[in-house]
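Engineer: With the input below, show me the fold.
(one chain, ligands or ions: 1)
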Amino acid sequence: MMAGNWKMYKTPAETKAFFDKFVPLVASSSHCEIVICPSFVNLETAIAATSGTNVGIGAQNLYWAKEGAFTGEISGPMIKSTGASYVIVGHSERRQFFGETDATVLKRTIAALEAALTPIVCVGELLAERESGSTAAVLSRQFQDGIAGLTDEQFSKIIIAYEPVWAIGTGKVATPEMAADAHRMIRAEIQSKFGAAAQSTRILYGGSVKPDNIKGLMAQPEIDGGLVGGASLDPVSFASLVNF
Ligand code: PEP
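Structural biologist: Next comes the predicted model:
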């Protein structure tokens, strides 16, 4: 899977202009699932622009209640009603700036599954955590508290993204070996809780993925695709990642 996270960028007009260019560039790509996650206000434009194509659309967050007095929030059924199929959960920017915790990641993941959306659940360590040698402990805690509470059936429907926080939007990409090591740590956690699902679960790498570093990352059998921020905003650059 190659998934794009547009963060808080693009208007509906810019969204339409992106897909006018992007859709033909990936029309014959069948080797990976292609997903773009625009902001909520662009979902309908994105769905209309990709209807009948091989490009799927997702949101970047959801609230866990189906409806209610939760001003400013958007639920899984609301996202589903736009025609979107995916949702990013627990992105590090949500954890850093909006108080997301492992416990709320679990609630949002379950809500996404209940709305028949495929959650792309993000985990990853901070720079200080990597430097202090606690990457494995952090990934384990995020897995145990944010993911392990799913049933086997729920777990079989999620995608995990390993995104080292120090590599997001910084231009500092993890080396392919560092990324693969972290993916192995996550797979070991999956193995101990969900058994054989460890082999079939897709784990994406995210953090400054660009056309000039995709080759080394995708050469790692542990890495099943990418979650791409900055480089997904440009149709030519994201198409070159998809078509790699
Ligand atoms: C992201 O937003 O998930 C991300 C990985 O961003 P970037 O590719 O810009 O580092």
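Engineer: center of the chain - which residue?
Structural biologist: Ile120 (4.2 Å; CA atoms, centre = their mean).
Engineer: OK, contacts around it?
Structural biologist: 3, 35, 37, 58, 86-89, 158-161, 204, 227 (CB atoms under 8 Å, 6 or more residues apart in numbering). Quick note: C-beta positions are derived from backbone N, CA and C, even for glycine.
Engineer: Give the buried residues for stretch 125-136.
Structural biologist: Within stretch 125-136, the residues that qualify as buried are 125-126, 129-130, 135-136, counting by 16 or more other CB atoms under 10 Å.
Engineer: quick one: the residue nearest to the centre of the chain and the ligand, what's the gap?
Structural biologist: 9 Å (CB to the nearest ligand atom, to the nearest Å).
Engineer: Where does this structure get nearest to the ligand, which residue?
Structural biologist: Gly229 (2.1 Å; CB to the nearest ligand atom).
Engineer: That residue contacts Lys7, correct?
Structural biologist: Yes - counting by CB atoms under 8 Å, Gly229 does reach Lys7; the two are 6.0 Å apart.
Engineer: picking up where we left off before, mind checking which of the buried residues of stretch 125-136 are in helices?
Structural biologist: 129-130, 135-136 (DSSP state H).
Engineer: what sits against the residue of the chain closest to the ligand?
Structural biologist: Here Gly229 is in contact with 4-7, 168-169, 206 (CB under 8 Å, 6+ apart).
Engineer: Can you pull the phi/psi pair for it?
Structural biologist: For Gly229, the backbone dihedrals (degrees, to the nearest 10) come out as phi -90, psi -100.
Engineer: Could you check the pLDDT of Ala174?
Structural biologist: pLDDT recorded at Ala174 is 88.
Engineer: Flag every residue of this protein that's near the ligand.
Structural biologist: 5, 7, 163, 168-169, 206-209, 227-231 (CB under 6 Å from any ligand atom).
Engineer: Output these in TSV, with secondary structure and distance to Glu189 appended to each entry.
Structural biologist: As requested, the residues of the chain next to the ligand are exported to TSV (DSSP: H, G, I helix; E, B strand; the rest coil; distance: CB to CB, whole Å):
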residue	secondary structure	distance to Glu189
Asn5	strand	23
Lys7	coil	27
Glu163	coil	16
Ile168	coil	21
Gly169	coil	26
Gly206	strand	18
Gly207	coil	19
Ser208	coil	24
Val209	coil	23
Leu227	strand	19
Val228	strand	24
Gly229	coil	25
Gly230	helix	29
Ala231	helix	28
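Engineer: Now that we have the residues you listed, which of them are buried?
Structural biologist: Here, 16+ other CB under 10 Å leaves 5, 7, 163, 168, 206-209, 227-231 buried among these.
Engineer: Can you pick out the most distant pair from the buried residues of stretch 125-136?
Structural biologist: Leu126 and Ala136 (13.8 Å; CB to CB).
Engineer: what sits against Lys157?
Structural biologist: 113, 118-119.
Engineer: run the last query once more with 7 Å
Structural biologist: Going by CB atoms under 7 Å, 6 or more residues apart in numbering, Lys157 touches 113, 118.
Engineer: three-state assignment of it?
Structural biologist: Here Lys157 is recorded as coil under DSSP: H, G, I helix; E, B strand; the rest coil.
Engineer: how close does it sit to Leu43?
Structural biologist: 21 Å (CB to CB, to the nearest Å).
Engineer: Great, nothing more from me.
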